[in-house]
Structure formats: C-alpha cells, structure tokens
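# Quick one, what's the 3D model for this:
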Amino acid sequence: IQKRTQKLHMVNMALQASETAIAIMDKWGSIVWLNAAFERLSGKEEEGLIGLLLKDVIFNLDTSRKENKHILMESYEDLSKPNEEELQIGESIFRLEATPFPSENYSNSKPGTNNRFLMVFKNITAGRAREVAEKKAHHEAIMAKAMGESMTMLTHELRTPLQGIMGGTSLLQQQASDWNNDVLESLKLIMASSAVLLNLINNLLDVRKTTAKMMEKFPLSSISASGPIKDAVGFCLPLASISDVKIVIDLGVAQNAVVKSNALRLQQVLINLVSNAINYTKRGSDICIQIRMVMLGDVKRIVNGAIASSQNDGGGGYDNESPMLVFSVSNHGPGIAPDQAGRLFRRYARLDTSLARTPPGTGLGLHLCQLFVERMNGQIWATNNGKDVA
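I've put the predicted structure just below:
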C-alpha cells in the first residue's frame with residue numbers, strides 16, 4: 001500500500017508540474033481532478049472547478065462559440081475509445097483529447113465500464129501557425145513558378161512584335177525628312193515608348209533568369225569602352241528627345257580605352273542608368289555620360305563617400321595604383337533622400353516617385369545594374385553631389 005501510495009503521489013506531482021492542462025471528469029461529466037495548468041487555463045482555482053460540468057467550463061472558455069461545437073463533450077457518455085476535437089481559447093488553439101478509462105473506486109462498476117475520462121488540452125497554436133505558413137509558402141511557390149513561366153513566355157511573345165514596330169518606325173523616320181513636325185514628333189514618341197517597353201521586357205526576362213540561377217556568369221572579353229556608351233545613347237535618344245533632355249557624352253582620354261567586360265550587359269546597365277537620369281531630369285536640362293581613368297585607391301575613396309554602393313569592391317587582385325575605368329551618368333535631378341538610399345539597388349524597390357516626371361517603373365533596373373556590374377567584376381555606386389556618380 002505504501003509503495004502504491006508513493007507511486008500515485010509521484011504521478012500526481014508529475015501531472016501537476018506539466019505545462020499541458022489536464023482534467024479528469026466522472027461519468028456524469030463533472031470535474032473530479034485537475035492540474036495546475038488547467039487552473040491557469042480556466043482562470044479559476046481548484047476549489048471553484050471541482051464538481052462543475054467540464055462542458056460548461058469549456059463553453060465559457062471557447063471564444064469561437066460556433067454552432068455544433070463540443071460534439072465530443074455532448075456525447076462523452078458514448079465514448080468507448082480516445083477521441084478529440086479543437087477549440088479556441090483567447091488567441092490560442094487547443095486540441096482536446098478525451099480518453100476513457102475505468103475506475104476501481106465505483107463498487108457498482110462492471111468490468112470494462114468507463115467511469116472516468118482523461119481530458120487533455122494540448123496547445124497547438126504554434127503547430128497550426130506553422131502548418132498555415134507552410135501551406136501558404138507552398139501555394140506561393142507554385143504561384144511564383146506559374147507566374148514566372150507565364151511571364152517568360154509572355155515577354156518573349158511581346159518582344160518580337162515590339163522589335164518589328166521599332167524597325168518599321170525607324171524606316172519611317174529615315175524617309176520622313178519632308179513630313180511635317182507633328183508626324184515626326186509622333187514617330188519619336190512611338191520609338192521612345194517602344195524603347196522603354198523593350199527595356200522593361202528585357203529587365204523582366206533577366207530577373208527571371210537571375211532568380212532561376214540561369215545567369216550566374218557572363219562571358220567577358222576585351223571591348224571598346226566607348227562602344228556600349230554610343231549604343232546605349234542611340235537607344236535612349238528617342239526618350240530624351242520627347243522629354244526635352246540633352247545627352248552629353250564625354251569620353252575624354254578614355255575614348256580609345258579597352259575594358260574587359262560584356263558588351264551587351266554593359267550596354268544594358270548604361271541604358272537603365274540613362275533612362276533613370278532622363279526620367280528624373282527636368283525639361284531643358286542635360287545629362288552627362290562620362291568615362292574616366294581613375295586609380296583604384298581613388299575609386300575606394302569615392303565609394304566610401306557614396307550614399308549607396310554594391311558589396312563587391314571591384315578591385316580584387318589589383319593594388320591601389322592600378323588604373324580603373326569609371327563610367328558615370330550624372331544629371332541635375334532632385335537627388336536621393338538619405339533615408340531612401342539603402343533601398344536604391346533592391347529588387348522592386350522604388351524611391352520617392354513624386355519626383356519623377358513619368359509614371360514609376362518596376363524597380364528592377366538598378367537591381368539588375370548591380371547584378372550585372374558585379375558579375376563583370378565591377379562595382380556600382382551613387383552620390384548626391386553631382387560628381388563621382390558611377
């Protein structure tokens with residue numbers, strides 16, 4: 001008897017120490033025993049709970065109060081095996097598990113008769129939130145994949161006819177020397193709008209490629225530094241023309257410089273930078289594209305004073321006296337607010353769009369510029385002082 005008493009005392013102590021709320025009810029549904037966790041859950045002390053119907057206590061606790069709730073509690077007398085249901089208490093979700101068991105203390109109980117029910121309240125809030133998050137993530141992944149594939153197909157389908165429109169417009173411009181100014185301006189508008197749309201399509205395709213890790217490296221070769229600049233300016237001239245913005249090219253001593261890069265991606269970087277500069281420059285102003293030869297030590301000093309820069313230092317394997325080729329695009333726009341500078345190169349990030357003369361873009365251009373420049377072993381940065389913008 002003493003050993004059994006000690007064993008029962010040990011079990012009671014363990015149950016009282018449990019963080020899981022536990023109660024035992026008799027065959028009439030009244031609470032006959034509970035642990036400290038159940039007291040905390042109910043907000044009442046043991047003396048105020050013993051003898052109460054457990055279903056009434058649960059009904060008062062359950063904040064969802066939906067119809068047909070507590071079917072398990074209403075039919076507990078018919079329980080012959082473990083069962084469960086869910087209820088909400090406050091902001092938490094609990095799984096109520098009911099396990100019937102016989103009692104040896106009832107003299108009129110027959111073998112196999114269930115005179116007691118062990119009621120365990122398991123807090124499953126975290127698990128349920130995790131399940132919801134996993135389902136949401138899975139759904140978003142499926143949607144992202146479907147949207148990505150659809151976007152790739154759509155942009156490819158758009159690019160071909162758009163290039164046809166640009167080619168046809170270009171031919172019309174070459175033959176339109178004796179046409180009136182209204183027609184010429186309309187052709188410029190078509191060409192500029194097409195160029196903006198083509199650049200957007202190219203950006204969307206490239207974002208898709210980088211996200212799918214299809215563009216980890218570019219083939220690099222020795223190219224003329226001035227070639228991508230002239231191509232980028234030619235692409236952006238229609239937009240500059242209808243925006244009444246003049247593009248100034250200053251090649252300086254680097255006019256015949258050769259740089260190890262990727263001509264197509266360098267041109268795309270410059271197109272994005274020039275397009276942004278045009279969009280944030282007031283009418284009648286100009287933007288300047290410049291190439292300079294700068295020592296690596298001076299480049300580091302300039303970058304340290306920049307309001308935003310990429311992580312790549314662009315000078316791996318070279319000493320501070322090594323000459324670097326710096327491409328810069330500068331304009332006379334409103335500048336970049338210091339509190340927004342940290343978002344400059346983030347994907348889909350758009351700064352204060354109220355300063356732009358045209359509707360804002362997708363927020364992809366500068367993000368791609370950073371990716372492309374870093375893949376060409378370079379570095380990109382921005383300043384607000386009208387100098388050293390690169």
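# what's around F38, how many residues?
Other residues within reach of F38, judged by other Cβ atoms under 10 Å, total 25. Where C-beta positions appear, they are placed from N, C-alpha and C, glycine not excepted.
# wait, doesn't it sit right on M25?
No - contact criterion Cβ atoms under 8 Å: F38 and M25 do not qualify, at 11.3 Å.
# Give the burial count for S328, as a bare number.
The tally of other residues near S328 (other Cβ under 10 Å) stands at 18.
# typo on my end, it should be Q175
Using other Cβ under 10 Å, Q175 has 8 neighbouring residues.
# Need phi/psi at it.
When read as degrees, to the nearest 10, the backbone of Q175 gives phi -100, psi 10.
# measure it to N181 for me?
The gap separating Q175 from N181 is 16 Å, by Cβ to Cβ, to the nearest Å.
# Check G335 too.
Distance from G335 to N181, by Cβ to Cβ: 35 Å.
# Give me the three-state assignment for Y318.
coil (DSSP: H, G, I helix; E, B strand; the rest coil).
# ok, now which ones touch the residue nearest to it when sequence neighbours are not counted?
Spatial nearest neighbour of Y318, chain neighbours left out: L296 (5.4 Å); criterion: Cβ to Cβ, 6 or more residues apart in numbering. By Cβ atoms under 8 Å, 6 or more residues apart in numbering, the residues touching L296 are 315, 318-324.
# make it 6 Å
315, 318, 320, 322, 324 (Cβ atoms under 6 Å, 6 or more residues apart in numbering).
# tell me what the helix or strand the last one falls within is packed against?
Secondary structure from DSSP states H and E places M324 in strand 323-330. Contacts of strand 323-330 with other secondary structure elements, assessed using 3 or more Cβ pairs under 6 Å, 6 or more residues apart in numbering; DSSP states H and E, are made with helix 263-279, strand 286-295.
# continuing past it, what's the next helix or strand?
Next along from strand 323-330, by DSSP H and E: helix 365-375.
# For that following helix, give me every contacting residue.
By Cβ under 6 Å, 6+ apart, helix 365-375 touches 203, 206, 210, 218, 265, 269, 272, 310, 312, 344-345, 347, 380.
# what comes up buried for it?
Buried positions in helix 365-375, judged by neighbour count with 16 or more other Cβ atoms under 10 Å: 365-373, 375.
# low pLDDT regions in the stretch 201-350 of the chain?
Applying pLDDT under 70 to the stretch 201-350 of the chain flags residues 211-216, 311-317, 348-350.
# How about the stretch 1-150 of the chain?
Across the stretch 1-150 of the chain (using pLDDT under 70), the flagged ranges come out as 63-82, 103-114, 144, 147-150.
# If T99 is in a bridge, with which residues?
T99 has these beta-bridge partners by DSSP bridges: L118.
# thought it was touching L118?
Yes - here T99 reaches L118: they are 4.4 Å apart, a contact under Cβ atoms under 6 Å.
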